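> model this:
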Amino acid sequence: MFTACLLTAVVAGQPDFEVARKRDEDAVEIAVQAEQAVFTVTSPRGIGAATVHRRRPSWPATVNLRLRLRGLESLTVTSGQVTLGVSVSSSPPHEIRLSVSETGRKQEEPIDRHSRYWSDVRVLDAQGKPASGLPEKGGWFDLQLPPELLARNPSTFEIRWIDFYRN
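Here you go, the predicted model:
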């Protein structure tokens, strides 16, 4: 169940997006410029979810997620019947894996650079410069949602994240 707390991005007097968060302490900042939207997620617990609702007629050409988390054991982005999965192993060499699943298919499939759902997952330091391993304090994970994920212009997409699996 998501909290009733909604965040909105307002451009030219009209809200472009609303975000419903699962936990009040999580934050999703929205920055919109022309045909690009950046959703920056901060989550003190490291486990959370949010639903982004589009109020404008269509999604911007570029939609980026910035995840200010120390790890990224699991990220899923669901749009319509497609779920993109991303994970970065918590131990060296911090392998990045992407997968996709579609409603009605038996299982998720690993994807590579040749997939229409591919996205480069970058680790950045506090200054926004490329980093290796996991983000240091102030750093983040950055990825552009594959255009194919929003190609059917769904009204919403859902994000779920886990920084580190806990025992």
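> The protein: strands as residue ranges?
6-11, 14-21, 27-33, 36-42, 47-54, 62-68, 72-79, 82-88, 96-102, 109-110, 121-124, 140-144, 156-162 (DSSP state E).
> Run a quick neighbour tally on Ser132.
By other CB atoms under 10 Å, the residues close to Ser132 number 9. The C-beta positions use only the backbone N, C-alpha and C, and glycine is treated the same way.
> Excluding chain neighbours, what is closest to it?
Val123 (6.8 Å; CB to CB, 6 or more residues apart in numbering).
> swap in Pro44?
Closest residue to Pro44 apart from its sequence neighbours, by CB to CB, 6+ apart: Glu25 at 5.2 Å.
> on that earlier part again, turn the strands of the chain into TSV, including mean neighbour count and distance to Leu134.
Output for those, formatted as TSV (neighbours: other CB atoms under 10 Å; distance: least, CB to CB, whole Å):
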stretch	mean neighbour count	distance to Leu134
strand 6-11	15	27
strand 14-21	18	24
strand 27-33	16	20
strand 36-42	19	16
strand 47-54	20	16
strand 62-68	20	11
strand 72-79	21	8
strand 82-88	21	7
strand 96-102	17	11
strand 109-110	12	21
strand 121-124	18	7
strand 140-144	21	9
strand 156-162	20	14
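> weakest of those strands in terms of mean pLDDT?
If you rank those by mean pLDDT, strand 6-11 sits at the bottom with a mean of 44.
> okay, which residue is most central for the chain?
Most central in the chain under CA atoms, centre = their mean is Leu65, positioned 4.3 Å from the mean C-alpha point.
> is it true that it touches Leu143?
Yes. In this structure, Leu65 is within contact of Leu143 by CB atoms under 8 Å, at 5.5 Å.
> and Lys129, backbone torsions?
The phi/psi pair for Lys129 (degrees, to the nearest 10) reads phi -100, psi 150.
> Next, the contact list for Val86, please.
Applying CB atoms under 8 Å, 6 or more residues apart in numbering to Val86 gives the contacts Leu72, Ser74, Leu75, Thr76, Val77, Ile96, Arg97, Leu98, Ser119, Val121, Leu143.
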